[in-house]
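Visitor: Got a predicted model here, sequence first, then my questions.
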Amino acid sequence: MSYPIRPISEEQWPQFSGVLAEAFNWTPHPTQSERWKANTEFDRTLAAFDGDLIAGVTGIHSFSMAVPGGALPVAGVTAVSVLPSHRRRGILSQIMRRQLADVRERGEAVAALYASEAIIYGRYGYGRAADNLAVSIPTHRSAFTPAAPSDPSLRVRVVKPAEVRSTLEELFARVMTERPGRYARNEHFWNMSLADEEFDQQGAGSLRGFLVEDSSGARGYALFRVKSAWGENGGPDCELQLRELHATDPAAHALLWRAVLDRDLVTKVTADIPVDDPITQLLADVRQLHSRWGDELWVRLVSVDAALVSRAYSAPVDLVIEVDDDVCPWNAGRWRLTADTGSASCKPTDETPDVSLPVSALGGAYLGAGSLTAQQAAGLLTEHSAGAVRALATAMSWSPAPWAGLVF
Ligand SMILES: CC(C)(COP(=O)(O)OP(=O)(O)OC[C@H]1O[C@@H](n2cnc3c(N)ncnc32)[C@H](O)[C@@H]1OP(=O)(O)O)[C@@H](O)C(=O)NCCC(=O)NCCS
């Protein structure tokens, strides 16, 4: 069955957001719904209609995302939802195909998303492009290695985040492109990041902050909530939930972590971090970093050639890659990728391929995560010329590891 798909108007927001709330088992406070609405690009929404009923929805945030060597416009896919009464009738598949065609027409080479379930998006050509560590660190065992940097010119200041918003925005803009996957936040994303009504707090208290500064200004910030609790023996047992921590340099980064780990009455710090966050090197006893690994960003190359020439490479590469892509057939076929550390070209070719792979494998490697050799070892892609996968993987790898750090 086919469901007409088209963008919604602002007046249809209640029905659109109703699908979202139903699919996600979410009961938003009216203020939260208003914030979502304010951050919705109505011309980039899509709704699948069953008569007058909206049965499935999605949207896109148009933002600039950091990629290896720079940043480019990326379609940030969001709000993917199908009404429980209409699930498993192929509505998501119809929406995804239409959305990818729209993204291509708009000239964005790359789409990215956070997945509610890791099993959903591979079939549409998205690859797992960034990993996340959900960590818990017991504060009483969080000593740093003696080699940890310290800078006596730095000071920690307790701040109310909303009152230093412009400083936070400036700092984030300075560090954004240093890690692939981070994206430029518009005012609505900042509104949501700093939102601090009781329903935003979820029992963990108000949003708190530390700024780290020297005499010339701010060099880092940390935002967090503290869930207050007292243990069975009457002693303090608070959990500090770190929301974000950004710094311009290692000493500021280390001092911010020290400030959250040393906060009185806190017995553990929990956070989502990139797999190579410097805290993984700073702790003297890394076993105290109790962590759960998970997928973070998923990336889809909407136009393989435009995407591959829009990032930098860690090593020269000159290969013919054969791409399998039945959702975006314009990508399917052979491409000669030639790149050195300064520029890249990607042209269609009839030459014999060195590597054959699904488009999702390129999406998974696009931000620099080293997944290609693992996929080869798993038998998920085919090497025709000895060493070709390693050469491609080396060229596409990047440091630091990709990580967006804020769900969109
Ligand atoms: C995820 C969701 C959008 C799927 O919508 P849908 O219209 O039922 O999906 P489709 O019918 O187009 O499914 C296409 C294929 O994906 C599979 N699939 C879809 N969602 C799946 C899921 N959550 N788990 C496993 N398989 C899933 C279907 O079985 C189908 O497989 P097939 O092609 O082999 O038959 C819907 O279940 C939903 O709204 N879930 C709750 C909200 C959510 O998690 N949204 C995603 C946000 S990132």
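Guide: Ah, there it is. Predicted model, so just to flag it, every value in this text is computed and none were measured.

Visitor: Residue 207: what's its closest spatial neighbour, skipping adjacent residues?
Guide: Spatial nearest neighbour of residue 207, chain neighbours left out: residue 196 (4.5 Å); criterion: Cβ to Cβ, 6 or more residues apart in numbering. All C-beta spots, glycine's among them, are computed from the backbone N, C-alpha and C.

Visitor: so who does the one you found touch?
Guide: By Cβ atoms under 8 Å, 6 or more residues apart in numbering, residue 196 lies in contact with 161-162, 206-207.

Visitor: count of neighbours near the closest residue to the ligand within the stretch 301-408 of the chain?
Guide: At 9.9 Å from the ligand, residue 407 is the closest residue in the stretch 301-408 of the chain, using Cβ to the nearest ligand atom. Using other Cβ atoms under 10 Å, residue 407 has 11 other residues around it.

Visitor: do residue 286 as well
Guide: 12.

Visitor: SS state for the residue nearest to residue 207?
Guide: Classification of residue 196 using DSSP: H, G, I helix; E, B strand; the rest coil returns coil.

Visitor: Give me the pLDDT for it.
Guide: pLDDT for residue 196: 97.

Visitor: Would you mind finding the longest strand in this protein?
Guide: Identified as the longest strand of the chain according to DSSP state E is strand 53-67.

Visitor: how about it: buried residues?
Guide: Across strand 53-67, burial judged by 16 or more other Cβ atoms under 10 Å covers 54-61, 63, 65-67.

Visitor: ditto for stretch 242-255
Guide: Under 16+ other Cβ under 10 Å, the buried positions of stretch 242-255 are 242-248, 251-255.

Visitor: Could you list which of those residues belong to helices?
Guide: Per DSSP state H, helices hold the following members of the buried residues of stretch 242-255: 251-255.

Visitor: Tell me the one of those residues nearest the ligand?
Guide: Closest to the ligand, out of all of these and judged by Cβ to the nearest ligand atom, is residue 253, at 30.8 Å.

Visitor: Tell me the spatial nearest neighbour of that closest one, not counting adjacent residues.
Guide: Leaving aside its sequence neighbours, residue 253 is closest to residue 247 (3.9 Å, by Cβ to Cβ, 6+ apart).

Visitor: Kindly state the beta-bridge partners for that neighbour.
Guide: residue 220 (DSSP bridges).

Visitor: Spit out the contact partners of it.
Guide: For residue 247, the contact set (Cβ under 8 Å, 6+ apart) comprises 175, 212, 219-221, 253, 256.
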